[in-house]
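Undergrad: Provide a 3D model corresponding to the input given below.
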Amino acid sequence: MSRIGKHPVKMAEGVSATITADEIIIKGKLGELKTHIPHGVVVTVENNEVIVRPQLNDQMHRALWGTVRANVYNMVKGVSEGFTRKLELIGVGYKAQVQGQTLKLSLGYSHDIDYVLPAGVKAVCAAPTSIELSSIDKQLVGQVASEIRSYRSPEPYKGKGVKYVEETVLRKVGKKK
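TA: Here you go, the predicted structure:
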């Protein structure tokens with residue numbers, strides 16, 4: 001049985017949920033998110049809580065049960081608080097700057113990388129070597145952070161590259177003379 005699916009999702013102050021035949025729409029102070037409800041899962045709203053239940057008690061429906069509940073929880077948290085992801089650039093000459101909806105990255109290549117941010121994601125560069133991404137959609141902000149990190153992921157010998165702030169890079173010893 002799903003352990004996470006058993007718990008109802010409590011909606012924060014000012015958050016409302018609308019359920020149609022095959023999707024759920026969550027509205028809050030930061031915006032609106034909607035997702036598809038797969039067949040085999042029943043979603044209801046009772047007493048300012050979203051309750052997710054499986055239609056059948058087989059393995060597939062129980063897996064969907066927990067997944068849908070986790071997605072609804074992330075949507076409720078996103079429209080009430082939002083999500084942020086922080087990146088750090090380590091290396092000589094590595095820097096980032098925001099120009100409108102474009103993130104300009106200098107990562108040691110012969111050219112700068114212009115990354116166009118998708119709609120709904122905001123980037124702030126407090127310092128030239130730090131990037132803070134924020135959005136109401138957890139999946140989208142994580143995907144954007146992963147794509148930016150993939151341009152120059154941290155290498156183990158000098159630690160140079162783009163890394164998450166909470167990430168630790170395991171360093172290797174170089175050649176011995």
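
Undergrad: from here on, contacts and neighbour counts on C-alpha atoms
TA: Noted.

Undergrad: for the protein, which helix is longest?
TA: helix 59-80 (DSSP state H).

Undergrad: Would you mind pulling the contact partners of the strand ranked longest in the chain?
TA: Using DSSP state E, we find that the single longest strand of the chain is strand 83-90. With contact meaning Cα atoms under 8 Å, 6 or more residues apart in numbering, strand 83-90 is reached by 95, 129-138, 141-142, 145, 149, 159-165.

Undergrad: between it and helix 59-80, how big is the angle?
TA: 80 degrees (axes from the mean of the first three to the mean of the last three Cα atoms, to 10 degrees).

Undergrad: Just give the strands next to strand 83-90 in its sheet, each with its orientation.
TA: strand 130-135 (antiparallel), strand 161-164 (antiparallel) (DSSP bridges).

Undergrad: what would these look like in JSON lines with distance to Thr20 and mean neighbour count?
TA: Listed next are the strands paired with strand 83-90 as JSON lines, based on distance: least, Cα to Cα, whole Å; neighbours: other Cα atoms under 10 Å:
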{"stretch": "strand 130-135", "distance to Thr20": "25", "mean neighbour count": "21"}
{"stretch": "strand 161-164", "distance to Thr20": "38", "mean neighbour count": "23"}
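
Undergrad: isn't Ala36 right up against Asp22?
TA: One thing to correct before we go on: residue 36 is His, not Ala. Yes. Counting by Cα atoms under 8 Å, His36 does reach Asp22; the two are 5.9 Å apart.

Undergrad: on that earlier part again, need the strands paired with strand 83-90 in TSV (columns: mean pLDDT).
TA: Compiled in TSV, the strands paired with strand 83-90 are given as follows (pLDDT from 0 to 100):
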stretch	mean pLDDT
strand 130-135	97
strand 161-164	96
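
Undergrad: May I see those organised as CSV, with distance to Thr44 added?
TA: Below are those laid out as CSV (distance: least, Cα to Cα, whole Å):
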stretch, distance to Thr44
strand 130-135, 26
strand 161-164, 37
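
Undergrad: quick one, which of those strands is nearest to Gly174?
TA: Between Gly174 and the strands paired with strand 83-90, the tightest spacing by Cα to Cα is seen for strand 161-164, at 17.3 Å.
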